[in-house]
Every structure is written in structure tokens, then in C-alpha cells.
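Chemist: Have a look; sequence and predicted model below, questions after that.
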Number of protein chains: 2
Amino acid sequence: MERVKLIDVARAAGVHPGTASRALSPDAGSLVSAETTRRVVRAAERLGYVPNTLARGLRTARSFLIGMVVPDVTNPLFPPMVRGAEQVLSRAGFTLVLTDTDNDAATERRQVQQLRARGTDGFLIATARWEDVLVQELADSAVPAVLVNRNSVPHRLPYVGCDERTGVAEAVDHLVGLGHRSIVHLAGPQDTSTGRERASAFRHALRQHGLPVGRGQVRTCAAYSEQAGLEACARLLSSSVEFTAILAGNDLIALGALTALVGAGRRCPEDVSVVGFNDLPLVDKLTPALTTVTLPLHEMGALAAQILLNAIDDPGRAGPVAQSLLGVKLAVRGSTGACRK
Amino acid sequence: MERVKLIDVARAAGVHPGTASRALSPDAGSLVSAETTRRVVRAAERLGYVPNTLARGLRTARSFLIGMVVPDVTNPLFPPMVRGAEQVLSRAGFTLVLTDTDNDAATERRQVQQLRARGTDGFLIATARWEDVLVQELADSAVPAVLVNRNSVPHRLPYVGCDERTGVAEAVDHLVGLGHRSIVHLAGPQDTSTGRERASAFRHALRQHGLPVGRGQVRTCAAYSEQAGLEACARLLSSSVEFTAILAGNDLIALGALTALVGAGRRCPEDVSVVGFNDLPLVDKLTPALTTVTLPLHEMGALAAQILLNAIDDPGRAGPVAQSLLGVKLAVRGSTGACRK
DNA sequence: TCCGAGTGCACAAACGATTGCAGCCAACTT
DNA sequence: AAGTTGGCTGCAATCGTTTGTGCACTCGGA
């Protein structure tokens, strides 16, 4: 069974392929008579015509392809964003191409290169580093792109993220409300906007409560991973810093910290309270259930996709750089409790 | 900055575009002199030539696009498979397009339709139902496809899965070894191969141990979800069936069952042992840690991709339908313990 | 010196859709 | 009734590559 082409439809409807093309394309409204349009549409349906996207893309320089770049799909943070983005894009007739860079800059380059060769219409970037060559290149190029979840050093690309500062503030408020005075932050990597933002917000929140920010009270983890969290917390435990609560850079770091605490004979929440970030699946079922900041991941993906679509439709309206921050919510659970010291 | 085209390279090298094309394509080895090839390659590098995949695809009827269809990316079962597949495919110069059908047949049709319009070179299907129109259509069509994780009623498509039967057998052996005689199976949906296979293997394993399979001892859940597991387990608890152990169709069902057990005042593992399937992230950190069957998800994805690539390279060698089953491993943890009755 | 084989390259036709342009016919105006 | 307008449709070029065909040139042998 051969694929049916435009020319087949045209023949069946007794018109020229060009006319058939116009009849089937919605924007050419009045260029074709209603009667002819009807005949063509009917023929197309009868034959099961599906336009060849490659050919169309070649001619129109539009591929209807959107590339989404994530560092690691197996990190549960990303699938909901992917999902949100895909729903918006596919409704608009675009196809989402997901690429996993495995946290590797070289892989990322290669993937993006390949996608651009396909005439990809736009990019959703979730891998941004604070100083990121790729982001810079995309900002300089003509192809629209939107950063999501992680921002980058000021540039001309729109960004969709969430309100990290308020999330951190609520977490700190919560801990202080429980009586904690010695709170430590196990920060995420400082070459990511989330890592920087949360650390900065942490310092700010402490000051708001009139608490001093001592040396060694903000400790940077090597990565957003359980292992890195464990190591950072182990170093913390073997230092002279006193603390009754930990604000982790994200849930994975929190998990690592919990392991380290258990290893050191400290109980949670009796001895140390722990707050995470992201609300990954199942962290609410742990013992103790993790208190954490919930992010609207699905909405972030959807909104980023929407903004990208707008930018594609109307490249002129670049205007002011859009920064969209979505609201977050603190989920209070078992891993935080009243300070006993 | 305009994209540099083949004709630019040809001009720079002082040859005809056709010649340049041959010089840059590796298979046309001797059709072009070494000297000319060198000149063309150098020019291409100097200008930063990147071939237009659309144009190439249009001419060669090859898109170097592979579609992977999953029911729900946010289910942690799939990302590792996606990752494994992508690594293999991207190494071979293919781009993976992920589509999430949201467990909806209509969405699935639309997505696959759209991908075929793009001239997708092959499909990896992880959504197969036992009787699946889409699978049947793909099997009848000319485009290569490989089923992964879930099989379908006999057809002519290769399948990559894992050795469910052995996994179930090991789980049952383990439970019987702990002294359990009354084991219940909360089976997954019976319109999936995994659901059927595991249920059938469960019955078989019980018989191997000389245990009768009574009525109500295999209960089908409406979905592979926590909610469905909770409901099925609640029904079980309110029935007259006695049991000291549960083999769940997968981890989500196991989680639901655990919740239901707690609600009914039964402790795990003291009163009831529970075994899951899949070994999702974090289930090893629950209290109790879930005993479950570990699947080589990454390898499944990679192998499926490899088989698909072979099928694309050499469509003739369809030959016998390949069924590849990868080995599984039982991870014994805290949710199973000695029978006390 | 001339011919046959063989190599290396240029030419142009595809692939399938879109779109500017031109022509045709009908209807309307004067 | 002839001219003009305007609405539809057909024609053909075009997007950037690949590839079948054929020409020209070289080289070796007779």
C-alpha cells in the first residue's frame, strides 16, 4: 500500500495539485471556492491522505519539531515537565523531540546540532548552567528557545521557573516556627540558577529572622544527587558546626543527608529536622515522610511550551525578556518537628 | 548568518554539488578521487556545513527518526528504557522522538499517525495491549517496529521483554521458603501481556509447590496504579479469603496494598508479607523496604533499539520473530518475613 | 598513432509539497 | 455591448539532497 500523495488527491478531485494544496490549507481561506474545497477535502478523506511533513518542511522552512533538552530523564523532576510541554505542543500540531544529554556538554552540543539540522522550530532547555555556551549560542541565533526550570546568566531568552525564594522563605519560616535557630543549608551546585537562588534566598531568610549566617552554614554539594548529599552531610557532621535543622537543595540531597544522619546516630525529626525541595514521588511515603517544597512541574512545562509557541508565531514580539515564576507550596510532613534544644 | 548548503561547499571546493555529495557520503568510496574528496571535506569543515536532514530525508525516504511510544513518562518504569534506547539510537545517528499517549488509544493513534507522516523509520512500542489494533496495523505495514516491555497477541513483530515467569517463580519460592502457604496475587490488568504472564506464572509456581489455587486467590486490578492496588486489596480484605502474603502485579499495586493493609490494622511484614515488581526508585527506602523483582530496564530499551536498527538496515532478514527475554533478579528486603501462622 | 577500457566528474531529474504569477471566465459597470 | 474587475484555478519554480546516466579525459596496449 503506497502512501497517497497530494497529486493523487488532486487527480481524484479533478483539480491541479496546487489547488488541492490551497484547499487543504486553512489559511488560504478565500483563494479556493467552497465547492472545490469540499470536493478536495472529501477526496483527501476518502483516500486517507496524510501530507508528507518532510516535503512540507523543506518548502516552508518549518519542521513543526520542538527539541526539549534535559540532563537526565530518569530524574523524576523532568518527566512531568516533559508531559506538560508535550500536551501543549501536540495540541498545536508540533512534535516534541526529547534529548537526554546525560549531563554531558559534548553530548548536548551534538544533540542540538542534529536537531538544528532538522530545522527544529524551537528549543526548550532544561539543562542550563549559570554560564552556558549553548544558551549563549541559542540566544544569539535566530531559532526561538525558552529556558525552563534552570535559568542562566542574563541573556535574551525567556525563562520559566518557579518562585524559589518564596519556597525557601516558607521552609525557613516553618523551621523557625518550630523553634529551630541553627539551620544549615546543603546547597545544590552553584553553577545552576536553582542552586544559587536557593542559597541566596536561604541567607536572606535567615537574616529576616535576625539569625546570623555563620561560616560553614551553607555547604555546596557537588551535584543534585543522593551521593553528593550524603558526602556533604558527612562533612558537616564531622565539622564543629552545631545544627538542629537542614534545608536541602533538593530531595535527593535530603535523602543522602538522611542516610548520613542515621549513620551518625542522629534521628530525624527528633534530633534534626530535614526539609527537601521538589517533592519527588514516594518521598511522602518514607519514614519519616519528607517535608519538602512542591513545584508545579507540569505547569512549568506547559507554560514554557506556550511561550515558545508564541515566540515562534510572532518572532517580532521578542520585546522584553519574559520571566515567569510559578508559585510553590511547602508540604509539611514528618521529617520536621519542634526543636528540642 | 545563513545556513551553509551543499552547493556552497561545492562552489568553495570548485566541484559540482553532486560530486560534493558523493565525496561527503562514506559509502560512495571510489566514485570520487581521494584528492577531490579531501578538498570537499576540507571546504565542508571550513564552512561548517551541516546537511539538511529534511532534504536528505525527502530524497532518500529515510528520516533517521525513531518513534518511541510510552503510556506515561512520569511512570518511573519508562525513563530508563527511554534512556537505554536513546543512547543506542543516537550513536547510530538516529533521533528518538518520545510520545506519551497518556494511556489513551485515540491520542496514540494521532501521535503515531503524525510520526508516520514524518517518515519515521521505525517504532518502539511500550504501550502494547494484548489485543491491540495499532500493533496489528504496524505489523501489517512496512515500517519496522519492536515491542518492548509489553507483548501482544502473536503477530510478526519482535519483542523485547524480561523473564516474567522466572521473576514470579523466584518471588513465590522466596515466600514459600519463608513458610507462607496462603499467597494471593494482585494481578495487573489482563489486557497487558505482563499482567497475564505474571498471573499465569503465579498459578504455575503455586502448583509447583503443591499448593492449591483457590477461588479469589488471583485478583485483577483495574490498572497498574496505587489506587487500583488499594481498591483490590481492600476488596480482598473484606472477603473471606485468608492470606499471609501478597504478590503484587507491580510496585505501585504493592504500595496501594500496603496502604490498605495499614488501614485494616495488618502489619507488614509481621502479619502479611508483600512482594512487588519493577523495583522503582525509592521503594528500597520505604519502611518496610519493599521486596521486589528488579528488571533490567535500561538494557531492555537498548536491546530493543538495537533490534530495531537491525530490522531497518536489513528488512529482508525478517525471518523468525525474535523474542528476547532478559533476566530479572529478586531483591529481598524488609517487606517479606517468616510466616507466623 | 589510434582504439578500448576505465576512472572521475558534471548534468539533471527526481523526492512531495507550497506559492507567486499569470490566465481564464463570469459578472458587473457604464 | 464592450470593457473592466475580481475571483479561482493552473502552471511552474522552488526548497536542499541524492543518484542514474553519460561525457570527457587519461592511460596502456597494439
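Modeler: Yep, that arrived.
Chemist: Next, the residue of chain A found nearest DNA strand C: secondary structure please.
Modeler: Residue nearest to DNA strand C within chain A (CB to the nearest atom of the strand): residue A:18, separated by 2.6 Å. Every residue, glycine included, has its C-beta placed from N, CA and C. In terms of secondary structure, residue A:18 is helix; the call rests on DSSP: H, G, I helix; E, B strand; the rest coil.
Chemist: which bits of chain A sit near DNA strand D?
Modeler: A:14-19, A:22-23, A:30-33, A:35-37, A:55, A:58-59, A:61 (CB under 7 Å from any atom of the strand).
Chemist: Drop anything exposed from those residues.
Modeler: Buried subset of these (neighbour count, 16 or more other CB atoms under 10 Å in any protein chain shown): A:15, A:19, A:22-23, A:32, A:36-37, A:55, A:58.
Chemist: Next, give me the two most distant ones among the residues you listed.
Modeler: Of all pairs drawn from those, the widest gap by CB to CB lies between A:36 and A:58 and measures 26.1 Å.
Chemist: circling back: return the subset of the residues of chain A next to DNA strand D lying in strands.
Modeler: Using DSSP state E, no member of those falls within strands.
Chemist: and the residues you listed near chain B, which?
Modeler: With CB under 8 Å from any CB of the partner chain as the criterion, these include A:55, A:58 near chain B.
Chemist: taking the residues of chain A next to DNA strand D one by one, which sit in helices?
Modeler: Mapping the residues of chain A next to DNA strand D onto helices (DSSP state H) picks out A:17-19, A:22-23, A:35-37, A:55, A:58-59.
Chemist: can you tell me which two in those residues are farthest apart?
Modeler: Pairwise distances among these were taken by CB to CB; the largest, 31.0 Å, belongs to A:35 and A:58.
Chemist: Moving C-terminal from the strand or helix carrying residue A:135, which element do we reach first?
Modeler: Residue A:135 belongs to helix A:133-140 when assigned by DSSP states H and E. Next along the chain after helix A:133-140, taking DSSP H and E as the criterion, comes strand A:145-148.
Chemist: What's the mean pLDDT across that next one?
Modeler: Averaging pLDDT along strand A:145-148 yields 96.
Chemist: same deal with stretch A:184-198?
Modeler: Mean pLDDT, computed over stretch A:184-198, is 97.
Chemist: And it, end to end?
Modeler: 12 Å (CA to CA, to the nearest Å).
Chemist: Residues contacting it, please?
Modeler: Stretch A:184-198 is contacted from outside by A:128-131, A:149-152, A:161, A:164-165, A:167-168, A:199, A:202, A:217-224, A:229, A:232-233, A:236, A:241, A:243, A:245-250, A:253-254, A:257, A:277, using CB atoms under 8 Å, 6 or more residues apart in numbering or on different chains.
Chemist: which of the residues in that stretch are buried?
Modeler: Burial within stretch A:184-198, assessed by neighbour count using 16+ other CB under 10 Å, is assigned to A:184-189, A:192-198.
Chemist: Out of the ones in helices among the residues of chain A next to DNA strand D, flag the one nearest to residue A:301.
Modeler: Distance to residue A:301 across these (CB to CB) is lowest for residue A:58, with 29.5 Å.
Chemist: show me the contacts for the closest one.
Modeler: Residues near residue A:58 by CB under 8 Å, 6+ apart: B:52, B:54-55, B:58.
Chemist: restrict those to those near DNA strand C?
Modeler: Counting by CB under 7 Å from any atom of the strand, the subset of those that neighbours DNA strand C consists of B:55, B:58.
Chemist: ranges for the helices of the stretch 101-250 of chain A?
Modeler: Applying DSSP state H, counting those that start in this stretch to the stretch 101-250 of chain A gives helices spanning A:105-117, A:133-140, A:164-177, A:193-208, A:226-237.
Chemist: Residue A:281 is in contact with residue A:75, isn't it?
Modeler: No. Residue A:281 is beyond contact range of residue A:75, at 11.5 Å (criterion: CB atoms under 8 Å).
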